[in-house]
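Student: from the sequence below, what's the structure:
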Amino acid sequence: MAIVHVPMPAPRPATPYAGYRPWLEAALWEEVCCYCLLREGRPAIDHVEPQALAPQRADSPDNLLFACTTCNRNKSDYHPAFTERRRLPHDTSGHRALDVRVDDLASLYALGTDGSLHARPGPGQDFAVWQATRLLPNLDLPTARLRREEILRAVRML
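Tutor: The predicted model follows:
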């Protein structure tokens, strides 16, 4: 997959967030979850700041990502700025959800030969561990490991 920079569109008044799907497909990776990076059916459009807690940002392109059903459900309405969230309401870590637009996943995680993820030592280690154990525990589920192992095997064959 080649990463192509596609400029973020300016918010368009009266454009519901679903109208940004073509831009998301071009700017991110078509049909790939921005959290687990797996392709599991057609991803939903996820709001970085939950629409119920930040309705004024519901249709803002910089608040939108793709998420598979599992990651979308796991993240739910989590955002550290909103204490009234249902997901992890007592969490005081201050961590936000992963965002492939700003987070370098290669600096956060090392990939084992079996497809398992391991938090890399360093300044982002606590953030990486928290993501994979508290917010998005499916990042290292056996099915995700298996899929990554298949990808690694295919890359080695090339």
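
Student: give me the contact list for the longest helix along the chain.
Tutor: In the chain, taking DSSP state H as the definition, the longest helix is helix 142-157. Helix 142-157 has contacts (C-beta atoms under 8 Å, 6 or more residues apart in numbering) with 36, 38, 111, 113-117, 138. Every C-beta, even on glycine, is put in place using the N, C-alpha and C of the backbone.

Student: restricted to strands, list the residues you listed.
Tutor: Among these, the residues falling in strands (DSSP state E) are 111, 117.

Student: take the contacts of helix 142-157 and lay them out in JSON lines including distance to Leu24 and neighbour count.
Tutor: Putting those into JSON lines (distance: C-beta to C-beta, whole Å; neighbours: other C-beta atoms under 10 Å) gives the following:
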{"residue": "Cys36", "distance to Leu24": "16", "neighbour count": "25"}
{"residue": "Leu38", "distance to Leu24": "16", "neighbour count": "20"}
{"residue": "Leu111", "distance to Leu24": "25", "neighbour count": "16"}
{"residue": "Thr113", "distance to Leu24": "32", "neighbour count": "9"}
{"residue": "Asp114", "distance to Leu24": "31", "neighbour count": "10"}
{"residue": "Gly115", "distance to Leu24": "26", "neighbour count": "18"}
{"residue": "Ser116", "distance to Leu24": "29", "neighbour count": "15"}
{"residue": "Leu117", "distance to Leu24": "24", "neighbour count": "20"}
{"residue": "Asn138", "distance to Leu24": "21", "neighbour count": "18"}
